[in-house]
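Undergrad: Return a 3D structure for these sequence lines:
(chains A and B)
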Amino acid sequence: MQSMEIDRFERRCLRWASRVASLSVLCVVLGSCTHSLTVSGRIPTPLIEPFPVSIGFIRPPEFSTQIHREKLPRGGGDWTIELGALQNAFFETLIDSLFEKVWPLAAPACGPSTAGLATGERCPDGFVRLTLLEYAFLPPELSGLKFFSASTKYQLELMGSDGTVLDTWVVVGYGKNEGGGFQPTDALNAASVEAIRDAGARVALEWPKQRNVQTWLEFNWSQE
Amino acid sequence: MTQNRLCNRRFHWKPFGKVEAVGEPASKGSCFGVAWTTCFKIAAWRGLGTYRIVVAALLLQLGACATTRVEQSRQTDAVLGDGEAMVILGRATYNDRETEESFTDCLADILRQGSNPIRLVSEDQFKDDLYPWFEARTAPTNASDLSRLFAEAGVQAQIDQSSIRYLAWIEGDTVTVDKGGSMSCAVSTFGGGCFGMSYWEQDASYEASIWDLKNLSASGQISADANGTSYLAGLVLPIPILARPGNAACKGLAAQLRVFITGVGE
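TA: Numbers count the residues shown, from 1 in each chain, chains lettered A, B, ... in the order given. Model prediction:
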């Protein structure tokens, strides 16, 4: 009688153990389809001569906390990519190197009460508003290629000292990295960093050559 | 031009260094710690019979090799001076083929070692120090662009500070040119195994363009082409016999690059 009860107990334990094991396997399978990534990388200081011009640097509040969420088709999984922190630090360094004096501001305004502007400081020669318009990526499973690719689309809006929009320029940065089958997040991180760097390189070298930007630079240069 | 035939040494790996360290006979009970050739011989001589000896001997004949061909053209006789460094950069393109990072890493690893090591500045460090001038989109495409680049503020000073004399651009990749055969694996309650044979032929083709950053000119080119066929034989256990032409091309190119840059071999 007692041995029968022990048998029943053992069977019940076995049943529970198999349920727990199945559940664990299910969790692992489901977990593997969700990817979370905080984009991180080195932030280089551009080797460029700054323009002798002062500027107010405006970014929308969400620029430093930008998160890209996407559910990819055909079993590509759910992706959560935090790129705000890196892009914010990256462009802060870039704009700092591009101009002689930079004030991080919330809006294109100048006055005694403007946050970010020290008392007695003269107003900047202009303002630049940087916005991330789009971030996109493609894993090898969807592209059919052997690498991860990522792109970033930014808009730079140049405003004069009175806040009038002088120029709007859209730049796309592209990056790719050989997709390691077992470390897809590492490959996507490298591709995203490359996309931000590429956009940054174009901002540093191509944006000042845009006609309206060049005119504004030359005008303020001569005023210095 | 030099031509080499490099046979794969994968079977000479010793994954369990600890076993050797404690002095246990490496051949005891497994093939780890000794060359596979030795292992086959031991298995044969331990009474597996003459029939199996023939099979083992046939397997040994299948050792995959890669044939490498290295060519060089030189425009100057200058060599690396004391304290001078070199940087190896993989040429990035926006198409689907690009020099693998593993290839430039392999070259750097070989050149840093040996009796005649070369001082190398890492690719990441170099690109960061000279940002935004050496990004995929902005990097100079030929040596004649160097004078324009060096006229930019700070570039010359940065190169001088790092004492970089040579820049080697690496272009090329490894592609599978042919494949065939078939292999199937099965598992049942009585056991499992793989049966069949598959093969793939790879072609590795790389070129190094060497630029002299002191004279702002091209110094020469070295090209390395390697090809080899790898096999995967399913004899219950899948037995890979790999040729690794990418590795062969890396070794060939690195050896020639060392001679080119320093004037002496390893």
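Undergrad: I'd like to know which residues of the stretch 101-250 of chain B are adjacent to chain A.
TA: Proximity of the stretch 101-250 of chain B to chain A is assessed by C-beta under 8 Å from any C-beta of the partner chain, with B:101, B:124, B:127-133, B:135-138, B:152-155, B:158 identified as the residues in range. Glycine gets a C-beta too; all of them are placed from N, C-alpha and C.
Undergrad: Just the buried ones among those residues, please.
TA: With burial judged by 16 or more other C-beta atoms under 10 Å in any protein chain shown, the buried subset of those is B:127-133, B:135-138, B:155.
Undergrad: Now do the same contact list for the nearest residue in space to residue B:75 that is not next to it in sequence.
TA: Distance criterion C-beta to C-beta, 6 or more residues apart in numbering or on different chains; nearest residue to residue B:75, sequence neighbours excluded, is residue B:220 at 5.2 Å. By C-beta atoms under 8 Å, 6 or more residues apart in numbering or on different chains, residue B:220 lies in contact with B:72-76, B:210, B:260.
Undergrad: remind me which residues of chain B are low pLDDT?
TA: Residue ranges of chain B with pLDDT under 70: B:1-63, B:266.
Undergrad: now with 50?
TA: Low-confidence segments of chain B, defined by pLDDT under 50, span residues B:8-48.
Undergrad: so after the helix or strand harbouring residue B:224, what's the next helix or strand?
TA: Assigning secondary structure by DSSP states H and E places residue B:224 in strand B:217-241. Heading C-terminal from strand B:217-241, the first helix or strand you meet, by DSSP H and E, is helix B:245-262.
Undergrad: tell me the angle of that following helix relative to strand B:217-241?
TA: For helix B:245-262 against strand B:217-241, the angle between stretch directions is 150 degrees (axes from the mean of the first three to the mean of the last three C-alpha atoms, to 10 degrees).
Undergrad: Show me the helices in chain A, by range?
TA: Using DSSP state H, the helices of chain A run over A:2-31, A:84-98, A:140-143, A:184-205, A:211-223.
Undergrad: any idea which of these scores lowest on pLDDT?
TA: Mean pLDDT across the helices of chain A is lowest at helix A:2-31; the value there is a mean of 60.
Undergrad: which residue sits closest to the residue nearest to the spatial centre of chain A, ignoring its sequence neighbours?
TA: For chain A, the residue sitting closest to the mean C-alpha position, by C-alpha atoms, centre = their mean, is residue A:83 at 3.3 Å. Residue nearest to residue A:83 in three dimensions, not counting chain neighbours: residue A:39, with 4.2 Å by C-beta to C-beta, 6+ apart.
Undergrad: residues touching the one you found, list them.
TA: Under the contact definition (C-beta under 8 Å, 6+ apart), the residues listed for residue A:39 are A:81-83, A:85-87, A:189, A:192-193, A:196.
Undergrad: now those residues: which count as buried?
TA: Buried members of the contacts of residue A:39, scored by 16+ other C-beta under 10 Å, are A:81-83, A:86-87, A:189, A:192-193, A:196.
Undergrad: Now tabulate those in TSV and tack on distance to residue B:91.
TA: As requested, the buried ones among the contacts of residue A:39 are arranged in TSV below (distance: C-beta to C-beta, whole Å):
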residue	distance to residue B:91
A:81	28
A:82	31
A:83	27
A:86	26
A:87	27
A:189	22
A:192	21
A:193	19
A:196	21
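Undergrad: Among these, which one lies nearest to residue B:192?
TA: residue A:189 (38.2 Å; C-beta to C-beta).
Undergrad: From chain B, how far off is the closest one?
TA: For residue A:189, the distance to chain B under the criterion C-beta to the nearest C-beta, to the nearest Å works out to 14 Å.
Undergrad: show me the contacts for that residue.
TA: Residues counted as contacts of residue A:189 (C-beta under 8 Å, 6+ apart) are A:37, A:39-41.
Undergrad: what does residue B:215 give?
TA: Neighbouring residues of residue B:215 by C-beta under 8 Å, 6+ apart: B:76, B:78.
Undergrad: mind checking how far it is from chain A?
TA: Counting by C-beta to the nearest C-beta, the gap between residue B:215 and chain A amounts to 22 Å.
Undergrad: can you list the domains in the chain?
TA: Since you didn't name a chain, this refers to chain A. Domain assignment for chain A by automatic domain parsing gives A:1-32, A:35-223.
Undergrad: looking at chain B here, not the other one
TA: By the assignment in automatic domain parsing, chain B contains the domains B:11-61, B:62-262.
Undergrad: What residues are bridge-paired with residue A:37?
TA: Counting by DSSP bridges, residue A:37 forms beta bridges with residue A:81.
Undergrad: Residue A:81 is in contact with that one, correct?
TA: Yes: applying C-beta atoms under 8 Å, one finds residue A:37 in contact with residue A:81, separated by 5.0 Å.
Undergrad: what about residue B:94, how many residues close to it?
TA: Residues within reach of residue B:94, counting by other C-beta atoms under 10 Å in any protein chain shown, total 11.
Undergrad: Quick check: closest non-adjacent residue to residue B:139.
TA: Here the nearest residue to residue B:139 in space, its sequence neighbours aside, is residue B:133; by C-beta to C-beta, 6+ apart that works out to 7.2 Å.
Undergrad: Contact partners for that neighbour?
TA: Listed by C-beta under 8 Å, 6+ apart, the contact set of residue B:133 reads A:47, B:139, B:149, B:152, B:155.
Undergrad: Wait, residue B:261 touches residue B:166, no?
TA: Yes: under the criterion of C-beta under 8 Å, residue B:261 is in contact with residue B:166, at a separation of 6.0 Å.
Undergrad: list residues touching both of the two?
TA: B:80, B:86, B:210.
Undergrad: Tell me what residue B:205 is bridged to.
TA: Legend: beta-bridge partners of residue B:205 under DSSP bridges are residue B:173, residue B:225.
Undergrad: quick revisit: pull up the gap between the residue nearest to residue B:75 and residue B:206, please.
TA: Between residue B:220 and residue B:206 the computed distance is 15 Å (C-beta to C-beta, to the nearest Å).
Undergrad: Make a PyMOL selection of whichever of the contacts of residue A:189 turn out to be buried.
TA: In PyMOL syntax, the buried subset of those is picked out as below (16+ other C-beta under 10 Å):
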select buried, chain A and resi 37+39+41
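Undergrad: Output the contacts of residue A:189 as TSV; include the columns pLDDT.
TA: Formatted as TSV, the entries for those read as follows, by pLDDT from 0 to 100:
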residue	pLDDT
A:37	95
A:39	97
A:40	97
A:41	96
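Undergrad: For chain A, what's the nearest residue on the stretch 151-266 of chain B?
TA: In the stretch 151-266 of chain B, no residue comes nearer to chain A than residue B:153, which is 4.0 Å away by C-beta to the nearest C-beta.
Undergrad: you'd agree that residue is up against residue A:46?
TA: No: taking C-beta under 8 Å as the contact criterion, residue B:153 and residue A:46 are not neighbours in contact, 10.8 Å apart.
Undergrad: Look up which residues are beta-bridged to the residue nearest to residue B:75.
TA: For residue B:220, the beta-bridge partners under DSSP bridges are residue B:74, residue B:210.
Undergrad: Relative to residue B:208, how far out is it?
TA: Residue B:220 sits at a distance of 9 Å from residue B:208 (criterion: C-beta to C-beta).
Undergrad: Please apply the same query to residue B:113.
TA: 18 Å.
Undergrad: who's more crowded, these two?
TA: Legend: neighbour count by other C-beta under 10 Å for residue B:113 and residue B:208, higher for residue B:208 (22 against 12).
Undergrad: So which residues on chain A come close to chain B?
TA: Those residues of chain A that sit near chain B, judged by C-beta under 8 Å from any C-beta, are A:42, A:44-49, A:145-147, A:174, A:176, A:178, A:194, A:197-198, A:200-202, A:204-205.
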